[in-house]
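Participant: here is my input, please return the structure:
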Amino acid sequence: MIGALCAPAVCSMSDYIPVALTFLFAAIIVAVMVSLNRVLGPRPDRNAIKDETFECGNEHTGSAWRRFAIKFYMVAILFIVFDVEVVFMYPWAVVFRELGWFGFVEMTMFMAVLGIGLLFAWRKGALEWK
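Facilitator: As a prediction, the model looks like this:
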């Protein structure tokens, strides 16, 4: 992509000045916002109650290092797998007509592999929440 913009022999450092100015401008904006927050923002009174961890209105119980059940991780992994499936299906649907039967067969094979994975997870009980 960068090579398409300019050939290595043709590019000079002056081509990067707008990018450097953009980063500099963004850094200045961030520094000004943080400084204004420190100067103009409210300073709450510090006490034990305000320093306590807030968890959705519930009082915390136990340690933060408590072990989670493996089912939480299994659900997260399965979500990622099938979420990636949808990410690949959208561009395929956009260019479906140009791909023709070849694209249809390839997506069918992709969906079959994911379907087999879902069936395997289902048979192993990864989707059970007991």
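
Participant: starting at the chain centroid, how far to the longest helix along the chain?
Facilitator: When the chain is parsed with DSSP state H, its longest helix is helix 96-124. Between the centre of helix 96-124 and the centre of its chain there are 24 Å (C-alpha atoms, centre = their mean, to the nearest Å).

Participant: that helix - what's its average pLDDT?
Facilitator: Across helix 96-124, pLDDT averages out at 89.

Participant: output the contacting helices and strands for it.
Facilitator: In this structure, helix 96-124 packs against helix 70-94, with contacts taken as 3 or more C-beta pairs under 8 Å, 6 or more residues apart in numbering; DSSP states H and E. (C-beta placed from N, C-alpha, C; glycine too.)

Participant: what residues sit buried inside the longest helix of the chain?
Facilitator: Across helix 96-124, burial judged by 16 or more other C-beta atoms under 10 Å covers 107, 114, 118, 121.

Participant: can you convert those into TSV and add a column each for distance to residue 54?
Facilitator: As requested, the buried residues of helix 96-124 are exported to TSV (distance: C-beta to C-beta, whole Å):
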residue	distance to residue 54
107	46
114	40
118	38
121	36
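
Participant: quick one, the longest helix of the chain and helix 70-94 angle?
Facilitator: 160 degrees (axes from the mean of the first three to the mean of the last three C-alpha atoms, to 10 degrees).

Participant: where does this structure dip in pLDDT?
Facilitator: 1-11, 55, 57-60, 64 (pLDDT under 70).

Participant: centre-most residue in it?
Facilitator: Central residue of the chain (C-alpha atoms, centre = their mean): residue 80, 10.4 Å from the mean position.

Participant: how much space between that one and residue 87?
Facilitator: 10 Å (C-beta to C-beta, to the nearest Å).
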